[in-house]
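Asks: here are the coordinates; sequence isn't available:
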Ligand SMILES: Cc1cc2nc3c(=O)[nH]c(=O)nc-3n(C[C@H](O)[C@H](O)[C@H](O)COP(=O)(O)O)c2cc1C
């Protein structure tokens, strides 16, 4: 890859990470992910904003691009660390060794993390909220935006070119042929939209109140480009991705989309036997329905759909006096991501004692679900069970549609 030019003296140096990797060791990335760093050259000082980890050749790729910008040994004055997560800092030791006199600028909360993760204490300086750094004709301004995504997170704004280096915020999964959103084909734009939403749900959703606060902090800034550390640079209408993130964050408290996500599992088909009654009942009200089976569908995709949906239906049998284990895992992920308040139904089969419902009740409480009831039956469902499921699902959809 070659560096991409954002403005005079401003470059993206990026690496494409392949699809065989899991992001954060959990989340599938069937279309890979971008690791973006940025170079800003003033007339006096040169800066690298965010780093990479040595992952799938990223360090070499970014190193080659830095060399092509004549950023050889000794030619870099500052490294800005917006966020300490190792996908943006993993190669810090190698990069600092290459630029031994470089000064690292970061938030106060990042200083001890740099010490403990990388044993680096020399030439590390905390910057404060609103502080500026003059590079000679280019001025960087720092905004503390804690918890988007870790407590030490900040963003960096290049005043003259009106470019926001936002690190994890406004990011997306996926690898893209081109640097800027307006260069993508219609097909790539579609992928970008859905990979932005899945990235948000998987990585950022739990921090939604901080996203809303962080966006409020950016109010009043004239932003020409949003340059995150994953995905593309938003150039065509940067306010749209900021608005999109505001909407995604608002799904935590609501309002959410008038949609229902049905998450179901079944060992021998008895729970599955009620699925069509549920789906038919929902669809009879014309509401969009997402139907996802677990464990066949990874929780990454389940979380994406549940995050946006006002309605949730969980189908699962009893297993060893408790919930079917893959569904327990999915609900645990949903709870950690602060999925709350969904209008919810459950259905499922048991053999002799039941037990799934008792354990599910704990999630109903923890997730503050607006629980509309359960259709639970021994063995296979009766015609009455099917009718009850249809009626409950229809009533749920009707209520959501308002
Ligand atoms: C490994 C295993 C453990 C089970 N444990 C229980 C149990 O503790 N209590 C119970 O009522 N049924 C239990 N069952 C029975 C199932 O809940 C029952 O077969 C149900 O119909 C399965 O639904 P499915 O066909 O949707 O998988 C168990 C079944 C299996 C295979």
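Replies: Everything's here; your move. For clarity, every value in this text was computed on a predicted model and none was experimentally measured.

Asks: neighbours around residue 118, how many?
Replies: 18 (other Cβ atoms under 10 Å). All C-beta spots, glycine's among them, are computed from the backbone N, C-alpha and C.

Asks: So it versus the ligand, what's the distance?
Replies: Between residue 118 and the ligand the distance, using Cβ to the nearest ligand atom, to the nearest Å, works out to 47 Å.

Asks: Please apply the same query to residue 290.
Replies: Plainly put, residue 290 is 20 Å away from the ligand if you go by Cβ to the nearest ligand atom.

Asks: so what's that residue bridging to?
Replies: The partner list for residue 290 in beta bridges (DSSP bridges) reads residue 261.

Asks: And the pLDDT for it?
Replies: You'll see residue 290 listed with a pLDDT of 98.

Asks: Do I have it right that it meets residue 259?
Replies: Yes: taking Cβ atoms under 8 Å as the contact criterion, residue 290 and residue 259 are neighbours in contact, 6.7 Å apart.

Asks: Would you mind listing the residues touching both of the two?
Replies: Taking Cβ atoms under 8 Å, 6 or more residues apart in numbering as the criterion, residue 290 and residue 259 both touch 305, 309.

Asks: For residue 76, report the pLDDT, please.
Replies: Predicted confidence (pLDDT) at residue 76: the value is 95.

Asks: Let me see the contact set for it.
Replies: Under the contact definition (Cβ under 8 Å, 6+ apart), the residues listed for residue 76 are 46-48, 66, 99, 102.

Asks: Now tabulate these in TSV and tack on pLDDT, distance to residue 308 and secondary structure.
Replies: Compiled in TSV, those are given as follows (pLDDT from 0 to 100; distance: Cβ to Cβ, whole Å; DSSP: H, G, I helix; E, B strand; the rest coil):
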residue	pLDDT	distance to residue 308	secondary structure
46	97	42	strand
47	98	37	strand
48	98	36	strand
66	95	39	helix
99	94	43	coil
102	96	42	coil
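
Asks: Those residues into JSON lines, with extra columns for distance to residue 180?
Replies: Formatted as JSON lines, the entries for the contacts of residue 76 read as follows, by distance: Cβ to Cβ, whole Å:
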{"residue": "46", "distance to residue 180": "23"}
{"residue": "47", "distance to residue 180": "21"}
{"residue": "48", "distance to residue 180": "20"}
{"residue": "66", "distance to residue 180": "21"}
{"residue": "99", "distance to residue 180": "28"}
{"residue": "102", "distance to residue 180": "28"}
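
Asks: what number of residues lie near residue 162?
Replies: Residue 162 has 14 neighbours, counted by other Cβ under 10 Å.

Asks: er, residue 230 I mean
Replies: Applying other Cβ under 10 Å, we find 26 other residues in the vicinity of residue 230.

Asks: From what I see, residue 32 and residue 176 are in contact.
Replies: No: with contact taken as Cβ under 8 Å, residue 32 and residue 176 are classed as non-touching, separated by 9.4 Å.

Asks: Between the two, tell me which one has more neighbours.
Replies: Between residue 32 and residue 176, counted using other Cβ under 10 Å, the more crowded position is residue 176 (24 against 18).

Asks: Just list the residues touching the more buried one, thanks.
Replies: Shown in contact with residue 176 (Cβ under 8 Å, 6+ apart): 34, 184, 188, 192, 231-232.

Asks: Pull out the buried positions in the top helix by length along the chain.
Replies: Selection of the longest helix in the chain by residue count, based on DSSP state H, yields helix 383-401. Using 16 or more other Cβ atoms under 10 Å as the burial criterion, the residues of helix 383-401 that qualify are 385-386, 388-390, 392-397, 400.

Asks: Now render those residues as a markdown table, adding distance to residue 298 and pLDDT.
Replies: As requested, the buried residues of helix 383-401 are exported to a markdown table (distance: Cβ to Cβ, whole Å; pLDDT from 0 to 100):
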| residue | distance to residue 298 | pLDDT |
| --- | --- | --- |
| 385 | 30 | 98 |
| 386 | 30 | 98 |
| 388 | 31 | 98 |
| 389 | 26 | 98 |
| 390 | 29 | 98 |
| 392 | 28 | 98 |
| 393 | 25 | 98 |
| 394 | 30 | 98 |
| 395 | 31 | 98 |
| 396 | 26 | 98 |
| 397 | 26 | 98 |
| 400 | 26 | 98 |
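
Asks: can you list those in TSV and add distance to residue 15?
Replies: Converted to TSV, these look like this (distance: Cβ to Cβ, whole Å):
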residue	distance to residue 15
385	53
386	53
388	54
389	49
390	51
392	49
393	46
394	50
395	51
396	45
397	45
400	42
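
Asks: Out of those residues, the closest to residue 14 would be?
Replies: Closest approach between the buried residues of helix 383-401 and residue 14, by Cβ to Cβ: residue 400, at 41.1 Å.

Asks: wait, that closest one sits on residue 310?
Replies: Yes: counting by Cβ under 8 Å, residue 310 is a contact partner of residue 400 at 4.9 Å.

Asks: if we can go back for a sec, how about the buried residues of helix 383-401, which pair is most distant?
Replies: Using Cβ to Cβ, the two most remote members of the buried residues of helix 383-401 are 385 and 400, lying 22.7 Å apart.

Asks: and residue 250, what does it touch?
Replies: For residue 250, the contacting residues are 208, 212, taking Cβ under 8 Å, 6+ apart as the criterion.

Asks: what's the spacing between it and residue 365?
Replies: Distance, residue 250 to residue 365, by Cβ to Cβ, to the nearest Å: 24 Å.

Asks: Name the residues that touch the longest helix of the chain?
Replies: Helix 383-401 has contacts (Cβ under 8 Å, 6+ apart) with 258-260, 274, 277-287, 310-311, 313, 343, 345, 347, 372-373, 375, 377, 381.

Asks: what about it, distance to the chain center?
Replies: Taking the mean C-alpha point of helix 383-401 and that of its whole chain, the gap between them comes to 33 Å (Cα atoms, centre = their mean, to the nearest Å).

Asks: can you check stretch 362-369 too?
Replies: Its chain's average C-alpha position is 23 Å from that of stretch 362-369, according to Cα atoms, centre = their mean.

Asks: In that stretch, which residues are buried?
Replies: Using 16+ other Cβ under 10 Å as the test for burial, stretch 362-369 gives 363-364, 367, 369.

Asks: Go through the contacts of residue 176 and give me the one with the most neighbours.
Replies: Using other Cβ under 10 Å as the neighbour definition, these reach their maximum at residue 232, which records 31 neighbours.
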